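Q: predicted model, plus sequence, below.
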Amino acid sequence: MHPPLLSDAVEIGVVTTNMNDMRQFYGETLGLKYESELAFSGGIMHRYHLGAAIIKLVSYDTPPEHEVIAGSGFSAKGYRYISMGVSGLSAWFKDLKARGVEIPVEVTPFADGIGFGFIADPDGNWIEVFGVL
């Protein structure tokens, strides 16, 4: 039996020790809509909308012991990247590059008028972006 879900959307937690830069990236650079701040015992969370999904930027009073293992699915096991679809992929990547965003994988066509690429947030977490070129 599956649990009775409260939401159909996924929420993704991104732990950081670099909250200011991460908030700038997700809020300003990517233009995700800010939802709220949530303080909890031992830390704080800032919530951003990515369509129906929520990206939760989380920092703890006691920083994590390990750093991000940057890279794609080839760099480590486990949850390795999130994906988002956009229209005007090539133009958006050009704008992101001009704004200094790290682009580990340039736009790569893979079907008629469709492509993908990867960007990295300030902590080195990869985001796959796919869509209409």
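A: Cool, got the structure.

Q: domains of the protein?
A: 8-63, 81-133 (automatic domain parsing).

Q: is it possible to export the ones you listed to CSV including mean pLDDT and mean neighbour count?
A: (C-beta placed from N, C-alpha, C; glycine too.) As requested, the domains of the chain are exported to CSV (pLDDT from 0 to 100; neighbours: other CB atoms under 10 Å):
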stretch, mean pLDDT, mean neighbour count
domain 8-63, 97, 14
domain 81-133, 97, 15
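
Q: check which helices and strands the longest helix that the chain contains sits against.
A: Longest helix in the chain by number of residues (criterion: DSSP state H): helix 89-98. The contact analysis (3 or more CB pairs under 8 Å, 6 or more residues apart in numbering; DSSP states H and E) places helix 89-98 against strand 102-111, strand 114-120, strand 126-132.

Q: okay if I get these as JSON lines plus distance to residue 4?
A: Shown next, in JSON lines, are those (distance: least, CB to CB, whole Å):
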{"stretch": "strand 102-111", "distance to residue 4": "38"}
{"stretch": "strand 114-120", "distance to residue 4": "35"}
{"stretch": "strand 126-132", "distance to residue 4": "31"}
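
Q: to residue 75, which of those strands lies closest?
A: With CB to CB, the closest approach to residue 75 among the helices and strands packed on helix 89-98 belongs to strand 126-132: 8.7 Å.

Q: that closest one vs strand 102-111, what angle?
A: 30 degrees (axes from the mean of the first three to the mean of the last three CA atoms, to 10 degrees).

Q: what are the contacting residues of strand 126-132?
A: Residues from elsewhere that reach strand 126-132, judged by CB atoms under 8 Å, 6 or more residues apart in numbering: 70-72, 80-89, 92-93, 104, 113-121.

Q: try 7 Å this time
A: Contact with strand 126-132 is made by 71-72, 80-89, 104, 113-114, 116-121, as judged by CB atoms under 7 Å, 6 or more residues apart in numbering.
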